[in-house]
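> sequence first, predicted model second:
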Amino acid sequence: MSEYSDDTLSVDKPADESPDNTPFEEQESSPSKSSQLSKAGLVSTLAAATAACGGGGSSDSGGSIISGIMGGTPAPTVVKPETDAEAARFLLHASISASPGEIAAVRDRGFEPWLDQQMNARNAQSAQDFIAAQGMDDVTSTDFVFNRGVADLMVWSQLLSGANPVRARAALALSEFFVVSTNTSSNLWPGSAMGAYWDILSDNAFGNFRDLIEEISLNPAMGVFLNTRGNQKADPRTGRVPDENYGREVMQLFSIGLFELNNDGTRRTSGGEPIETYTNEDVTGISKVFTGYDFDATGVTFTAAPDGGNYQIPDPSYLRNPMTADTSRWRFPRNESFHSDDAKTFLGTTIPAGTGAAESMRLAMDALFNHPNVGPFFGKQMIQRLVTSNPSPAYVGRVADAFNNNGSGTRGDLRAVFKAILLDDEAQSAAGLTDTTYGKVREPMLRFAQWARTSGLNSDSGFFLLGNLSDAANRLGQAPLRSPSVFNFFRPGYSPAGTQSADMGLVAPEFQIVNETSVAGYVNFMERSIDGGGFWMRDFTANYSAELGIAHDSTALLDRIDLLYTGGQLTEGSRTKILNALNDYTVMESSDEATKLERIHAAILLVMASNEYIVQR
Amino acid sequence: MFIGKADELSRRAFMRRSGQLAALGAGSSYALGLAGMSEAAAFSSAGGYKALVCIFLYGGNDYGNTLIPFDPTNYNRYASIRGGNGDEGGGIALSRASLAGSVLNQPDTQTLTDDIQYALAPSMPRLKSRFDGGQMAPLLNVGPLVVPLTKAQYESGNNSSFPRPAKLFSHNDQQSTWQSSQPEGSTSGWGGRMGDLALSSNTNSMFTAINASGNAVFMNGETAVPYQVSTGGATLIRGVNNTRLYGSVATSEALESLLTTSHGHFLEADYSMVNARSIEYGGFVNDALENSTLSTDFGSGNRLASQLSVVARLIAARNRLGVNRQVFMVSMGGFDNHDGLIGTHEGLLSQLDAAMDAFYSATEEMGIADQVTSFTASDFGRTLASNGDGSDHGWGGHHFVMGGGVNGGQFYGTAPQVSLDSDDQVGRGRLLPTVSVDEYSATLAKWFGVSASEMPSISPNIGRFASPDLGFMAPPG
């Protein structure tokens, strides 16, 4: 496996070629849609029952944070949005979409109480629950075992449905920092592997960074992606040395980055030069920590291969167990440990020779977690994902402060970090609306997810049969968990050469996937998603009932779409252009649905194509 | 991860570009062209059409299993280091027998380090034939350098006296360094900067730099802006083709206007410019493609070949596109073989072999094989040492140059010793480059028409190296 992948190559295993499509695009490898429908109908009843029991969530931890920050004094006046537009703008930072009901709730309760409530709610249906509910962990079927498409269905179900969009939004942002790509994830059960990874991100989204980084380091999908799984200590006889892949990337990408940072995210310098955080010797040193691990096969059952092949298929539960260096827990237990006994020296820390795997892991994770870079390095990138590409150093500093201390003396509290990002004046102030450098390009996958949630998109089968939407010419040009490499879809420091942004010294990470092909592909994809004409929409039904009720009134229709999609940020010029187009349709209150839908489709597409929408502020 | 403030060069380029493009406006016609934007003395467009095609191998190609020592002495060293068992191979060593069909026999006059005799990876029979035919040349141990560097200088850690490229061994930074001489955050690359100089050679200068792969700094110039195509050609926005969108011409017109209008915000302005270019050029490009036919078979299921196929079709359409000098970029991923090297890597090289060979055949079909040169590049080479079933990030590596204008059939550069402790590597067989990327780029740029006086703008460190021309290209004709 490799962090650098090309999803069309799949040379590692021919069996992976076809599964890169959705599981149901290939007729020969798919059950008929009707059989899925009947199965889905059965299980979705069960799923609904489960959700009803477990979906209420807990509300245990929110209060302590607030009282901690407030030092036990009475709660201050709750800040509430003054307008629907302010509420919508907040929702579009914090969540995936904005509905009239959510706007009303934020206005009613205020920003922070609403956010607390969302952060307290557990994920009503985990990725694992979804996969199980749809029968996609069935070891007796050939449909899922090697099927990467299951991972796409899983993550779309998480983003497009469910009552936890704030948690899902944070998990998606985390998935672009702690990257594992479906493209080269586990060959067996890629859906379950990515589902287990998603559940870690989702469960820990408002937990602690320290727990999160250790859990992802031991997660099997990550272990396959960046080669910790099967990595062995040095063998002087053969010249074998530990694999350096995870050791390098956990420092460069998942924790401290390349250069020493001030707390506000700016680079520290020495003699005018930036200071590198580590050398290649540090990489070699920390790589010894990640030796000796393999899948934990405890309790895993094996079943004869469903395709009649001469091999056995494990049930996917091993993909949810942390990898283990205890060789007695491997599928083929060994007497000898493969964990390095050498001293492990990196970043000024030395783990003494003879230290075991678990203790070495604990010490290494502590060393990374406590490095002063983590707050500004991680915090700035989360600001970029949620709010703006070019945050001020002061904003980064405030978020890093929250990382360093949540107000109760706890470091790495992600709830405090995300709250600091979303409730900051720089995120909420009206000044951003007129600042020509503020904001970010909305990611294509978020544009689509926003439209889907706003339009009440329903998966008729329950499977969320959207495939890999990565193709820029014919699809969306981006798909969740489908990064081409561990470096995400784009780099946080990317600046599009030859543009006004670059000349202003601005970065625009999302521009790394903006080009003549992808901008056209996006408009085409949305055009045929909005009206349901694209074949990829065959499993979905949009619910435009609210729009149908006002379709005869162009202004009311545009007001609604403008509010829900941009937070009311369309310029008068664009509104005029759109209204002129909408008034080209003759729609009466008494008109039939098809007539009304044409105007509705036009209103949504024109708003989503306008540059005020593309750039989120 | 930070971008420096725009330097003076890019500021100047921006002033030029924004002045000219803004004056033309989003509705400008391709027919106006953008000629006359560079200084003619810096560049020669003599000799008719020429194109350079960069094939970037993302992930860091394993040099050790790309060109493999075949002579018994060096093969044994290779097999021993890579965990093999004598001639049988094993570990991450290929068997010696598997190499017998792809041995590269250089001229008798050429002797390599330690009398190494190289074989190509067994999955590259076509490039073996192109080597034998004189159209392909391997360039040995090339990588980014700021100055010529010895191992002792490297190990001294004295970065002010012996500067080295920043962030060695890091994927994103070394991709950027190969493409632009600077780590991530750089804003222009040597492909785009050659494009800058070539703009005035082309009637329609917007087609000077064409990218058939993902966005990459290699293609960005100070002035030249790469145009991106998919393997199917240009992607057209259906809704703006003077047609009814959701039943309404007015909606179609509104869509086009919205896509190309911005409101003072920098990101909006930049996005709308891409929309405008997409709308403005797409139809023209596809018309040109449709009127050009090529019979060369690029196979199927090989995405690099698909990219090179659309490049070949664009070259076939060069007269309709109004271009005399072009730079292209294509890429393939999957080379970061920390594990599963055996099998995976050979499969990747097989695709590279088929794609490069088909592309050369297409240039022959067009009768311009001498005028088109393709060449490979990658993040870095890898370790020669094994981590069990793969190799880790390195520095120097071997690359291929192919075309009718290439003095092929022999090696260029210096073969590294097959060793984990020699002075031409910095540990675990991470090669210390003996040829710099600047020498590689300058040799290609000279052939392309860049004058000696302008060479530092393409290859900024070239003045520090002995060979502004490595000799693998025939003299410009």
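On my side now, so go ahead. Numbers count the residues shown, from 1 in each chain, chains lettered A, B, ... in the order given.
> okay, now the closest residue to residue A:426 other than its chain neighbours: neighbour count?
Leaving aside its chain neighbours, residue A:426 sits nearest to residue A:395 (4.4 Å; criterion: C-beta to C-beta, 6 or more residues apart in numbering or on different chains). Placement of C-beta: from N, CA and C, glycine included. Using other C-beta atoms under 10 Å in any protein chain shown, residue A:395 is surrounded by 23 other residues.
> ok, which stretches of the stretch 351-477 of chain B are helices?
B:437-448, B:455-458 (DSSP state H, counting those that start in this stretch).
> returning to that earlier point: and the residue nearest to residue A:426, what pLDDT?
Looking at residue A:395, its pLDDT is 98.
> show me what contacts it?
Counting by C-beta atoms under 8 Å, 6 or more residues apart in numbering or on different chains, residue A:395 touches A:383, A:424, A:426.
> now, the residues you listed that are in helices?
Counting by DSSP state H, these place A:383, A:426 in helices.
> which of the contacts of residue A:395 lies closest to residue B:131?
Set against residue B:131, the nearest of those by C-beta to C-beta is residue A:383 (52.0 Å).
> that closest one and chain B, how far apart?
Relative to chain B, residue A:383 is positioned 13 Å away (C-beta to the nearest C-beta, to the nearest Å).
> quick check, pLDDT for that residue.
pLDDT, residue A:383: 98.
> burial of it, as a residue count?
Residue A:383 has 29 neighbours, counted by other C-beta under 10 Å.
> once you drop chain neighbours, what's closest to it?
That would be residue A:391: by C-beta to C-beta, 6+ apart, it lies 4.6 Å from residue A:383.
> which residues in the stretch 451-600 of chain A form helices?
Under the criterion DSSP H, counting those that start in this stretch, the stretch 451-600 of chain A contains helices at A:500-503, A:516-530, A:545-550, A:554-566, A:572-582, A:593-609.
> now those as JSON lines including mean neighbour count and distance to residue B:225?
Compiled in JSON lines, these are given as follows (neighbours: other C-beta atoms under 10 Å in any protein chain shown; distance: least, C-beta to C-beta, whole Å):
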{"stretch": "helix A:500-503", "mean neighbour count": "24", "distance to residue B:225": "11"}
{"stretch": "helix A:516-530", "mean neighbour count": "24", "distance to residue B:225": "10"}
{"stretch": "helix A:545-550", "mean neighbour count": "16", "distance to residue B:225": "39"}
{"stretch": "helix A:554-566", "mean neighbour count": "21", "distance to residue B:225": "28"}
{"stretch": "helix A:572-582", "mean neighbour count": "19", "distance to residue B:225": "26"}
{"stretch": "helix A:593-609", "mean neighbour count": "23", "distance to residue B:225": "22"}
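> what's the closest of those to residue A:322?
Of all these, helix A:516-530 comes closest under C-beta to C-beta, at 37.6 Å.
> and the closest one with helix A:593-609, angle?
With axes from the mean of the first three to the mean of the last three C-alpha atoms, to 10 degrees defining the directions, helix A:516-530 sits at 150 degrees from helix A:593-609.
> packing partners for helix A:516-530?
Other helices and strands packing on helix A:516-530, by 3 or more C-beta pairs under 8 Å, 6 or more residues apart in numbering or on different chains; DSSP states H and E, are helix A:444-454, helix A:593-609, strand B:227-228, helix B:249-259, helix B:266-290.
> among these, which is the most enclosed?
Comparing these by mean neighbour count (mean count of other C-beta atoms under 10 Å in any protein chain shown), strand B:227-228 comes out on top with a mean of 26.
> need the contact partners of that one.
A:515-518, B:206-207, B:209-212, B:215, B:277, B:281, B:285.
> now with 6 Å, please.
For strand B:227-228, the surrounding residues in contact (C-beta atoms under 6 Å, 6 or more residues apart in numbering or on different chains) are A:515, A:516, A:517, B:206, B:210, B:211.
> returning to what we had before: would you agree the residue nearest to residue A:383 is in contact with residue A:384?
No - under the criterion of C-beta atoms under 6 Å, residue A:391 makes no contact with residue A:384, lying 7.2 Å away.
> any idea how many residues pack against the closest residue to residue A:520 other than its chain neighbours?
The shortest distance from residue A:520 to any non-neighbouring residue, by C-beta to C-beta, 6+ apart, is to residue B:235 (4.1 Å). Neighbour count for residue B:235, taken as other C-beta under 10 Å: 26.
> residue B:235 touches residue A:521, doesn't it?
Yes - look at residue B:235 against residue A:521 with C-beta under 6 Å: they come within range, at 5.5 Å.
> what touches both of the two?
The contact sets of residue B:235 and residue A:521 overlap at residue A:473 (C-beta under 6 Å, 6+ apart).
> quick check: pLDDT value at residue B:15.
Reported pLDDT for residue B:15: 39.
> before we move on, back to that, could you look up the SS state of the residue nearest to residue A:520?
Using DSSP: H, G, I helix; E, B strand; the rest coil, the structure places residue B:235 in coil.
> for the residue in the stretch 1-150 of chain B positioned nearest to chain A, grab phi and psi.
For the stretch 1-150 of chain B and chain A, the shortest gap (C-beta to the nearest C-beta) falls at residue B:59, measuring 3.1 Å. Note on residue B:59: backbone dihedrals following degrees, to the nearest 10 are phi 110, psi -20.
> check the one 5 residues further on too.
Note on residue B:64: backbone dihedrals following degrees, to the nearest 10 are phi -60, psi -30.
> so what's it up against?
Contact analysis of residue B:64 by C-beta under 6 Å, 6+ apart lists residue B:384.
> please tell me how far it sits from residue A:312.
Per C-beta to C-beta, to the nearest Å, residue B:64 is found 35 Å from residue A:312.
> likewise residue B:200?
Residue B:200 is 67 Å from residue A:312, by C-beta to C-beta.
> who has more neighbours, the two?
Each of residue B:200 and residue A:312 has its neighbours counted (other C-beta under 10 Å); residue B:200 has more, 22 against 12.
> quick check on the more buried one: phi, psi?
Main-chain torsions, residue B:200, degrees, to the nearest 10: phi -70, psi -10.
> still on that earlier bit, quick check, nearest of the contacts of strand B:227-228 to residue A:464?
residue A:517 (26.2 Å).
> around chain B, pick out the residues from the stretch 401-550 of chain A.
With the criterion set to C-beta under 6 Å from any C-beta of the partner chain, the stretch 401-550 of chain A comes near chain B through A:436-437, A:441, A:473, A:487, A:492-493, A:495, A:497-505, A:507-508, A:512, A:514-517, A:519-521, A:523-524, A:527.
> counting neighbours, what do you get for residue B:361?
Neighbour tally, residue B:361, other C-beta under 10 Å: 19.
> and the helix or strand in which residue A:198 is found, what does it pack onto?
Element membership of residue A:198, judged by DSSP states H and E, is helix A:190-204. Applying 3 or more C-beta pairs under 6 Å, 6 or more residues apart in numbering or on different chains; DSSP states H and E, one finds that helix A:190-204 contacts helix A:127-133, helix A:149-160, helix A:165-175, helix A:209-217, helix A:220-225.
> now render those as TSV, adding distance to residue A:376.
Compiled in TSV, those are given as follows (distance: least, C-beta to C-beta, whole Å):
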stretch	distance to residue A:376
helix A:127-133	31
helix A:149-160	28
helix A:165-175	16
helix A:209-217	13
helix A:220-225	24
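> mean pLDDT for these - can I get that in TSV?
Shown next, in TSV, are the helices and strands packed on helix A:190-204 (pLDDT from 0 to 100):
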stretch	mean pLDDT
helix A:127-133	97
helix A:149-160	97
helix A:165-175	98
helix A:209-217	98
helix A:220-225	97
